[in-house]
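> Generate coordinates for the sequence data below:
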Amino acid sequence: MKPKVVDVRETALRNVAARLEQGDDGAMLVTPDDAGVGMVFTHRGSLYFDRYVEQPLAEWRSAAPEARARLNERIVAQVLRSIDVVERNFPFMPIRRVVVSPAPEPVGLIEALAAHVPLPVEPLDLSRVFDLGVSELAQTPALQSRCLVALGATLRGVAHH
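Reported below is the predicted structural model:
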């Protein structure tokens, strides 16, 4: 394996995922954005594995229903492979659920994951991580998607438990 420098994006998403950990389980956060779908796996606040699958939102947007289903199946397969890699390499951090952040627009990804991943799949509730009050951010999934990395970066150095 070639070593990789962890960038702001991965660090910010690690910060968010660490807040989602339950007990001694690992956390998996799936984050769709305009260019693709990211996955981060954390345990006790540390980033253990991250992956990014390029899948432009524009392709999802313009795809016919059958083609959109195939795009979702491709992402589901990559999520399942990633879970398998983590479970084999880090058996001390079981993944018991998949948390999916809001997408810039609905593409059916969370529904596809829920239908094919043998774990509970739940949407990310940012109000569990941040005090959003009744702001526009609390009510707008597309805005949450655009702001997720910036929000996660604000958690730098904040204790997560």
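> tell me the phi and psi of residue 71?
phi -60, psi -40 (degrees, to the nearest 10).
> which SS state does the nearest residue to it once chain neighbours are set aside fall under?
In space, and not counting its chain neighbours, residue 71 is closest to residue 60: 5.7 Å by C-beta to C-beta, 6 or more residues apart in numbering. To be clear about C-beta, it is placed using only N, CA and C from the backbone, and glycine gets the same treatment. Here residue 60 is helix, with the state taken from DSSP: H, G, I helix; E, B strand; the rest coil.
> burial count for residue 60?
21 (other C-beta atoms under 10 Å).
> Could you measure from it over to residue 87?
28 Å (C-beta to C-beta, to the nearest Å).
> quick one, what contacts the residue nearest to residue 71?
68, 71, 107 (C-beta atoms under 8 Å, 6 or more residues apart in numbering).
> Quick check: the residue nearest the centre of the chain vs residue 131, distance?
In the chain, the residue lying closest to the centroid (C-alpha atoms, centre = their mean) is residue 30, at 1.8 Å. Distance from residue 30 to residue 131, counting by C-beta to C-beta: 24 Å.
> Helices of the protein, start to end?
Along the chain, counting by DSSP state H, helices occupy 8-18, 57-62, 65-89, 109-116, 136-139, 141-154.
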